[in-house]
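[1] sharing a model prediction with you, sequence too.
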Amino acid sequence: MLFAILAIVAYLGALLWIVPTLAHIDNSKKLNIKAVLGLGSAAVIFHLINLSHLFFVSEGQNFTIVNVSSMISLSLSFIATLALPRWKTVWLPLSIIYALGILSVTLSSFLSGSFIKQLTENTGLLFHLSIAILAYALFFMALLYAIEQRWLDSRLKRKKMSFSPLLPPLMTVERHFFMLTLVAQILLTVTLVTGMIYLHNFFAPEQIHKAVFSFISWIVYSILLLGLWKLHWRGNRVLIYSISGIMLLTIAYFGSRLV
């Protein structure tokens, strides 16, 4: 519980630097990257320690929905914090990512549950689940970039864009969105292949929806990547495809657990 409180405090501390800066986004308010980076890094470390205590139990590994969601949130926070010194484009999504970090730590710490699996000796399956979680985190981060891209494009069209160190060039946001989606798509491909190899009941009736929705999501993201690469898509179309893909992947990952 101590590390959960420390993680929440660190996330809140980082948000206290981010939110006021975003509130003055048109006033060229100076970024304090060092403070956010320090607090964000501390939050990630405390989040990891707290999650490890909840996930690794005496009977095995506890794969409750809140624990898996916390893993995804931790992956998001780690990637975004790691990118912060070099990617100015991550500053806007960071506020949402850290807010989700607070929510996930709170839920996983205060909602009890049990869904035990023994995976320490099945390295193939453990690799499959790890890649699946990382793919989902990157797709979700790409969705935040799609929202940022749509917002910047709207400001440009309404001629309300003013210089600010917080506002990255639209082309840079689009390039980073493409990179995140491409890497996530590669990881999703690996997830599908390893699922067929290591999950013996991958095509069983009670599991088939995971394969079907994951594959449909893979098709949606493939079309999106092709549109970005060849047709230079942007705006609402990109956002719609990103939302559709993450919704399909959410149903694939969590659908049977939510019913």
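    Yes, it's here. Numbers count the residues shown, from 1 in each chain.
[2] what's the helix or strand for residue 100?
    Secondary-structure element containing residue 100, defined by DSSP states H and E: helix 91-110.
[3] same for that helix, what does it pack against?
    Using 3 or more C-beta pairs under 8 Å, 6 or more residues apart in numbering; DSSP states H and E, the elements in contact with helix 91-110 are helix 2-23, helix 33-55, helix 65-83, helix 123-157. C-beta: built from backbone N, CA, C; applies to glycine.
[4] now the following helix or strand past it: how far from the chain's centre is it?
    Proceeding N to C from helix 91-110, the next assigned helix or strand is strand 116-117, under DSSP H and E. With C-alpha atoms, centre = their mean, to the nearest Å as the basis, strand 116-117 stands 24 Å off its chain's centre.
[5] coming back round to it: can I get the helices and strands packed on helix 91-110 in CSV including distance to residue 195 and mean neighbour count?
    Listed next are the helices and strands packed on helix 91-110 as CSV, based on distance: least, C-beta to C-beta, whole Å; neighbours: other C-beta atoms under 10 Å:
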stretch, distance to residue 195, mean neighbour count
helix 2-23, 31, 18
helix 33-55, 21, 19
helix 65-83, 16, 21
helix 123-157, 6, 20
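[6] could you export the ones you listed as JSON lines, including distance to residue 184 and mean pLDDT?
    Shown next, in JSON lines, are these (distance: least, C-beta to C-beta, whole Å; pLDDT from 0 to 100):
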{"stretch": "helix 2-23", "distance to residue 184": "24", "mean pLDDT": "88"}
{"stretch": "helix 33-55", "distance to residue 184": "20", "mean pLDDT": "93"}
{"stretch": "helix 65-83", "distance to residue 184": "11", "mean pLDDT": "94"}
{"stretch": "helix 123-157", "distance to residue 184": "4", "mean pLDDT": "89"}
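[7] CSV for these, including distance to residue 110?
    Putting the helices and strands packed on helix 91-110 into CSV (distance: least, C-beta to C-beta, whole Å) gives the following:
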stretch, distance to residue 110
helix 2-23, 8
helix 33-55, 11
helix 65-83, 9
helix 123-157, 22
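[8] which of those helices sits closest to residue 95?
    Among the helices and strands packed on helix 91-110, the nearest to residue 95 by C-beta to C-beta is helix 2-23 (4.9 Å).
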